[in-house]
Each structure stands twice: as structure tokens, then as C-alpha cells.
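Peer 1: 3D, please:
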Amino acid sequence: MSWLLHNKEWFFSGIGVFLLAMCFAFLKRLSSGRSANHPDIAVHTQYVRIQGRGMQESFDDALGVFIANTGDSPIHIRRALFRNRISRFFVFRKMSLLPVYPRAFKDAGLNAYELKFGDQWYDPQTDINARGRVMTFLTLARRVADEECNVGKHGEVVLQYSSAGSAGTHRVLV
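Peer 2: The predicted structure follows:
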């Protein structure tokens with residue numbers, strides 16, 4: 001405590017507050033209790049040409065998100081999200097360069113884009129049978145080269161799942 005009393009001017013200066021915030025963010029990240037990724041879920045992304053024409057949408061390009069179950073038990077995906085911000089230096093976030101379609105559905109509370117499943121892409125949930133795979137997509141404003149996908153610089157696919165009586169969150173940088 002005596003150190004703090006002698007160095008309070010430095011400690012409460014901008015540098016001290018910044019260093020304290022960095023330490024706090026680092027400790028919070030370590031203790032956040034993020035569950036480990038599910039070992040049987042594999043995620044791959046690539047550019048796909050999907051046309052959407054309707055009253056509220058008109059797009060031709062998308063980032064296809066392919067989710068595979070490599071295990072022997074089924075997996076239920078409760079929700080799939082795409083966060084287009086990448087963490088930098090623990091507290092700062094960098095915006096992705098991925099050209100996301102301006103009218104893509106975004107959950108403002110989670111600051112992430114919803115990925116949908118099903119026949120008309122309306123269902124937020126899906127089941128993946130053992131050794132099966134499903135596909136969803138994020139609409140894009142323009143075409144993206146395949147070399148730009150899966151580089152870990154565009155964002156994060158977040159899958160909330162349940163399998164064999166346990167639930168968790170699977171995260172993959174793409």
C-alpha cells in the first residue's frame with residue numbers, strides 16, 4: 001500500500017489507468033470460463049454463389065459456413081452467429097474487411113450476424129447427425145476470393161450446441 005501512496009500520481013495518470021485496464025482485461029479473459037471447443041465439430045468457410053431475391057433482399061454472394069460432425073453422436077446447434085470483429089490487444093477490436101451485406105440480420109445485443117438453417121434459411125437451430133454436415137451462409141455485398149477465407153482475420157463463427165447431455169460454445173476464427 002505504501003508503494004501506491006508514493007506513486008499515486010503516476011498510477012492514476014493515463015498510462016497507469018491504461019495498464020490497469022489491460023491487466024484487468026487479461027485476467028477477465030483468463031477467468032471467463034470459456035468452454036473448450038467440441039472435439040467433433042469442424043467448421044470450414046468458402047465463397048459460395050447464392051442468389052436471394054425478395055422484397056427485403058437482393059444479393060448474389062455469400063460466405064458459406066460448412067459445419068461437420070466428425071463424431072459418432074448427433075449434435076444439436078441451438079444458435080449460430082458470425083462476429084465480424086477480431087480481438088486485438090485484449091481490449092481493442094478490429095473491424096473485419098469482409099464485405100457483409102448491409103441488410104444481413106444482425107443481433108444488436110450480441111453484435112453478431114445470425115446464421116440460419118432449414119429449407120428457407122429461417123430456422124436458427126439444426127441437428128447434425130453423426131458423421132453428417134450442414135451448410136449455412138452469411139450474405140456478402142460482393143464476391144470474396146477463396147484465398148481470403150479461413151485466414152483467421154475476418155471474424156469468428158460462434159456455435160451454441162448441445163450433444164450427449166452437455167452444452168457449450170464452439171468458436172472458430174475464420
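
Peer 1: contacts and neighbour counts: CA atoms only from here.
Peer 2: Noted.

Peer 1: which regions of this structure lie under the pLDDT threshold?
Peer 2: Within the chain, the segments meeting pLDDT under 70 span 1, 3-4, 7-17, 20, 25-36, 86-95.

Peer 1: Show me the domain layout of it.
Peer 2: 1-33, 41-173 (automatic domain parsing).

Peer 1: want to throw those into CSV with mean neighbour count?
Peer 2: As requested, those are exported to CSV (neighbours: other CA atoms under 10 Å):
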stretch, mean neighbour count
domain 1-33, 12
domain 41-173, 16
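
Peer 1: ok, the nearest residue to residue 155 once chain neighbours are set aside - contacts?
Peer 2: The spatial neighbour of residue 155 that comes closest, neighbours along the chain excluded (CA to CA, 6 or more residues apart in numbering), is residue 84 at 4.3 Å. Neighbour list for residue 84: 95, 96, 98, 112, 154, 155, 156 [criterion: CA atoms under 8 Å, 6 or more residues apart in numbering].

Peer 1: Would you confirm that residue 80 contacts residue 170?
Peer 2: No - the criterion here is CA atoms under 8 Å, and residue 80 misses it with residue 170 at 9.5 Å.

Peer 1: Look up how far residue 114 lies from residue 122.
Peer 2: Distance from residue 122 to residue 114, counting by CA to CA, to the nearest Å: 10 Å.

Peer 1: Distance from the chain centre to stretch 110-120, please.
Peer 2: Averaging C-alpha positions (CA atoms, centre = their mean, to the nearest Å) puts stretch 110-120 12 Å from its chain's average.

Peer 1: just stretch 61-81 next, same as before
Peer 2: Computed by CA atoms, centre = their mean, the chain-centroid distance of stretch 61-81 equals 13 Å.

Peer 1: if we can go back for a sec, for residue 144, state which of the contacts of residue 84 is nearest.
Peer 2: Nearest to residue 144 among those: residue 98, at 7.9 Å, using CA to CA.

Peer 1: Now do the same for the closest residue to residue 106 other than its chain neighbours: helix, strand or coil?
Peer 2: In this structure, residue 106 finds its nearest non-sequential neighbour in residue 113, 4.2 Å apart by CA to CA, 6+ apart. Three-state call for residue 113 (DSSP: H, G, I helix; E, B strand; the rest coil): strand.
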